[in-house]
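Engineer: fold the following, please.
(2 chains)
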Amino acid sequence: MEYEAVIGLEVHVQLATKSKIFCSCSTEFGAAPNTHVCPVCLGMPGSLPVLNEKAVEYAVKAALALNCRINLKSIFARKNYFYPDLPKGYQISQYEEPLAEEGYIEIETEEGTKRIRIKRVHMEEDAGKNIHGEGNDPYSYVDLNRAGIPLIEIVSEPDISSPAEARLYLQKLRTIMRYIGVSNADMEKGELRCDANVSVRPKGSDKLGVKTELKNMNSFRHVQRALEYEIERQIEVLEEGGEVVQETRLWNPHLGITETMRKKEEEHDYRYFPEPDLVPLVLGEEFVERMKAELPELPDDKKRRFMEEYGLSAYDAEVLCADKALADFYEEAVKAHDNPKAIANWVMVELLGRLNKDGRSISESPVAPMQVAKLVKLIDDGVISGKIGKQLFDILYREGGDPEVVVKERGLVQITDTSQIEAVVDEVIKECPDEVNKYLAGKTKVIGFLVGQVMKKTRGKANPRLVNELLRKKLDELKG
Amino acid sequence: MKLYELTLTQVRDLVDKGEVKPSEVLEAVVGRIEKVEERVKAYITLTFDEAFSSVESKKLGRLSAVPIAVKDNICTKGIKTTCASKMLYNFVPPYDATVVKKMKKEGYVLIGKTNLDEFAMGSSTENSAFFTTRNPWDLERVPGGSSGGSAAAVAADMCIAAIGSDTGGSIRQPASFCGVVGLKPTYGRVSRYGLVAFASSLDQIGPITKTVEDAAYLLEVISGKDELDSTSAPVEVEKFTKALTGEVKGLKIALPKEYFSEGIDPEVKEAVLKCVRMLESEGAHVDEVSLPHTEYAISAYYIVAPAEASSNLARYDGVKYGFRAEEYTDLIDMYFKTRSQGFGNEVKRRIMLGTYSLASGYYDAYYLRAKKVRTLIRQDFERVFKDFDVIITPTSPTTAFKIGEKASDPLTMYLSDIFTVSVNLAGIPAVSIPCGVSGENLPIGLQVIGNFFEEAKILNVAYAVEKRINFRENNSPNLD
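Structural biologist: Predicted structure coming up:
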C-alpha cells in the first residue's frame, strides 16, 4: 500500500530582546553560569513578573509576518511541572487565548508554491539549563541565565506532507524571523527549536493516523532525517499489521533512529490556569498598525517583486530572497547596472558558489555589489568576454580591486580589432590542416575546435563572435 | 502613659517635635517585648540589633523611627523571612518587599518579623511550623490568623503598628480576635512585590494598628502603583487621614442578612448591631440587604486559593534555596522527600486540593466554576453599593477560640473566615475594628466593607464608631 505522511511542527523561536521577558536581566549569550539572574527569573519567594514591552513588539511583528490574526486581548497562563531548570515550578506561557492565530507561510516545493497554515503564535518564557557533571562528578548543575528569555511558539497545522517540506518550512521561518529582525533563529544555537508531530495514513485517506511527537532535533538536517526515519518506522509497523502507539520519541542522532521517551499515559498534566500575577495583555489597534508599518518588505513580497520587476524565475527569486542581505546585495548591483538576469546569474553561481565553499555569509563577501555590476557591464559593453569575466571575478574575489582598472592593468580587454584577429585566424588555419579539411568536407561542427584554438592563442581576449565570423568567412573562401 | 502604649501618629508627633527621642520609643518597645513576648510569642525573629544600630541615623520621614512589626511572609532584605515554614527556615531575601522599601524610605524601624500560619494558611497561627502565638487577652486562646503574630504584637504593645497580609481574612480576623484595627485594602491598592505568594489573585498587604487613624496613616505610606507588580492599580493615593471626620449623617449602611443569621455568637451579633444603632442615631440610614451568593463563598474560596497556592508553592523544591531533605536517591525522590518533610499538614492539604481542582478533566467543574461564583459574589456587592455607602457585618462569627479547639477539624476552622472571604473574592476593601467585649472579656470585631478603592469611606465609618465607643480607653488585655 502507498502511504502519505502528515506532519505538524511546533517551533520555538528566541526573541532577540536585550532583556528577559519578565525582568530586566540581560539575555546575552555565553555569560558565566547564573550571572544574568535576579529574584524574578530565579523564582524567589515574593518576586513578580512584569512583561517586557519589546518582547510584545517582537512577538506581534513575528505573528504579523506569519500572516496571523492578532488577538487584541490575550492571556498568560501557568504551565505547571517540576524540573530543576524551571525555577518557579511553572512556565509562564499562553494557553487558551494566545497572542495570534490563523496565519500561513508559503514554501517553494518542486511541485510549486505551497501554503502551510499556522494555527497559533504565543509568547512564553524559556527555562534554564541542566548541566550534568562529567566523569567522577556525581552532581548536576543548573544554569538559569537562559530562564526567562522570551520565546514565541509557532504551531503549524498538519499541512506538511514530507520531511523535505518540513525543512523548507523551517528555513522559511528562519528567513522571515531574520528579515524582521526579531531573532537570529539559528538552530545550532538553540535560537530556533523544533518538535514535530507526525503520522502516516494510506495515500488519499482523509482520516488521520495515530501520531508520535519527535523531540531533540537540533538542525534542519536532523529534522529531515528524524522525520524520514519515523515515517519509515510507522509504515513498517502498519505493514506488519501493528498499530502506531501515541507517544513522545527522541531523535538519537548518533544511531540515526527515534526512541520512546514517554508513553501517552506518562504525559504531564500541566494544570494550565490563567497567570494571576499578570493582567491580560491588551493591545490597541494603533499599536498593531504601527508594528505592521514597521515591518520591512517580507520575503514572499520581495520574491514576487523580483519576479515581476526583474523578470526572474520563481526559483531564482526564492534563492536571492532567502537572505535579506543577499537580496539587498543583488538589488544594489542591479541599481548600478540594469541587467537583472545576468547579475542574478553572477551572484547565484559565481558569488554564492565561492561563499558557500568558503563557509562565508553574504555580509562577509569580499566582492561588493558595485564590483559585480561593473563586471557585468564590462561584458555587456563587449570590453571583455564572459570567459574573461570569470577570470576577472576570481581576481576580484581573491584580491579585490576596481574591475575596470583590473581589466586595463592586466590586459584583459577583448580584442575587437579585426586585422589583429584575422592574423591569428590565418595562423590557426595553417596549423590545423586536418580540422580544416574536415570542415571543408562538411563536418562544420569542427569550427568549435578552431575557435577554441584562436581563443587560446589570444588568451581568451578575442571577441568570440568576431572569431567565429572571420573563421567561417576564411574557410568558406577556401571552399569556394 | 508609657511610650510603648502610644499610637503611631502620637509617636510621630512627639518625635517630630523633638519631645521624645526615637531611641526612647525603641527602648520602651524593646522593654515591653522583653517583658511579655515570652508569654505571647508573637515574633519569629526580633531585630533589636539592627533597630538600635539604625534608629538614631534614621532620616525623619512620615514614619520617624517608629518601631513596626512585619509579618514573616513579607521579604526584608538581609533578614530571615520564613513564612513560619520549615521550608524557608533559613531563607534570607536579598531584596525588600515594596511595602518595606516604602516604609524604609519614611524612616521606619523594623522591630521584628511576626508569626503566622505556615504560608499564611490558617486562622489561628496553630499552623506555624515553629510555635503558636497566644492571644494577649487570654493566653489560652488563639490570636486568630494568619497574621496572628502581627495582631498580637499590636494588642500587647510590642510594636507601635504592624503589617499583615490578608488572603481570606488574615488581617481582619486576628485584628478582631485581638481587639485591634486591621485593614484589607482593595486588591491592587498595595504592591504585592515581596509578599510571599499564597493565592495571588486574593493576597493583599495591609496595616494592623491600634487606631483607625494609624491604619489610614500607614495605608498612605504603603499604597500606590508599583512598576514591579503588574496587578497594582494606577490609582492615586489619597490622604486617607483627611477623610476621618467621624461624620455619618446621611450615610447609607447596608446590613446583609446572610451575615447575621444562625451560627453567629449572639454576643457578637448584639455588639455589632449596637454600634449600627448608634450610627443610626447619629443620622445614618440603615437597611437590611441580601448578598445571595454568600453561602458559596467558602466553597469558591477553597477552590481558588488552594489552586493558586499549589502553583505558587511549586518553587519550594529543594533546588535553589530553603530546606532540602538530607537523604534521597534521585531527583524525584529529592522532590518528594523535601516537600513531604518541608511543608506542614495544612499546606500539604491545600496543595493537594489545588492540584486536584486544576487537573485536566476537573478544571471546568472546579476552578472554572469557582471563578464564575466569584463573579457572582462581586456582582452581589456591586449591586448593594449602587444604593449604599458601606456594608457592616461582624468580622468573625465568634470571639477568639481556645488553642487546640479547632486544630483537628479543618472544616470548622475554615468557617471562621465565613464573613471575610467574600471581600477577597470580590477584591474590595474592608476594615475590622473592635466594637466591644464579650462576657469573657474577649474583643468583638466589626467589619466595614466598601466599594472598590473606597478605603477613605470605610475608614471614616470605622473612625466614627471608634470615636464613640472609646474601646482602647475602656478595654485592654492584662499582661502585667
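
Engineer: who touches B:Leu331 in this structure?
Structural biologist: By CB atoms under 8 Å, 6 or more residues apart in numbering or on different chains, the residues touching B:Leu331 are A:84, A:140. Heads up, the C-betas are built off the backbone N, CA and C, glycines and all.

Engineer: what does the pLDDT read for the closest residue to B:Lys21 other than its chain neighbours?
Structural biologist: Closest residue in space to B:Lys21, ignoring its immediate chain neighbours: B:Val15 at 7.6 Å, by CB to CB, 6 or more residues apart in numbering or on different chains. According to the prediction, B:Val15 has pLDDT 90.

Engineer: residues contacting the helix or strand in which B:Val15 is found, please?
Structural biologist: Secondary structure from DSSP states H and E places B:Val15 in helix B:8-16. Residues from elsewhere that reach helix B:8-16 (CB under 8 Å, 6+ apart): B:3, B:6, B:20-22, B:25, B:60, B:62-66, B:160-161, B:209-211, B:213-214, B:217-218, B:241.

Engineer: try it again with 7 Å
Structural biologist: Applying CB atoms under 7 Å, 6 or more residues apart in numbering or on different chains, the contact partners of helix B:8-16 are B:20, B:22, B:25, B:60, B:64-66, B:160-161, B:209, B:213-214, B:217-218.

Engineer: one more: stretch A:470-480?
Structural biologist: So stretch A:470-480 is contacted by A:421-422, A:425, A:429, A:436, A:439-440, A:447, A:450-451 (CB under 7 Å, 6+ apart).

Engineer: biggest helix in chain A, by residue count?
Structural biologist: If you go by DSSP state H, chain A has its longest helix at helix A:220-239.

Engineer: same for that one, what does it pack against?
Structural biologist: Applying 3 or more CB pairs under 7 Å, 6 or more residues apart in numbering or on different chains; DSSP states H and E, one finds that helix A:220-239 contacts strand A:3-14, helix A:163-179, strand A:192-202, strand A:212-217, strand A:247-252, strand A:257-263.

Engineer: I'd like those written out as JSON lines, with mean neighbour count added.
Structural biologist: Formatted as JSON lines, the helices and strands packed on helix A:220-239 follow (neighbours: other CB atoms under 10 Å in any protein chain shown):
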{"stretch": "strand A:3-14", "mean neighbour count": "21"}
{"stretch": "helix A:163-179", "mean neighbour count": "22"}
{"stretch": "strand A:192-202", "mean neighbour count": "21"}
{"stretch": "strand A:212-217", "mean neighbour count": "21"}
{"stretch": "strand A:247-252", "mean neighbour count": "19"}
{"stretch": "strand A:257-263", "mean neighbour count": "15"}
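
Engineer: show me the one of these that comes nearest chain B.
Structural biologist: Closest approach to chain B among the helices and strands packed on helix A:220-239 (CB to the nearest CB): strand A:257-263, 13.7 Å.

Engineer: distance of A:Val237 from A:Ser205?
Structural biologist: Going from A:Val237 to A:Ser205 by CB to CB, to the nearest Å gives 16 Å.

Engineer: what do you get for B:Met278?
Structural biologist: Distance from B:Met278 to A:Ser205, counting by CB to CB: 81 Å.

Engineer: same check, this time on B:Tyr217
Structural biologist: As judged by CB to CB, B:Tyr217 and A:Ser205 stand 74 Å apart.

Engineer: next: B:Leu376.
Structural biologist: 49 Å.

Engineer: what's the answer for A:Gly242, then?
Structural biologist: 18 Å.

Engineer: same deal with B:Lys41?
Structural biologist: Taking CB to CB as the measure, B:Lys41 falls 73 Å from A:Ser205.

Engineer: also A:Glu259?
Structural biologist: Taking CB to CB as the measure, A:Glu259 falls 28 Å from A:Ser205.
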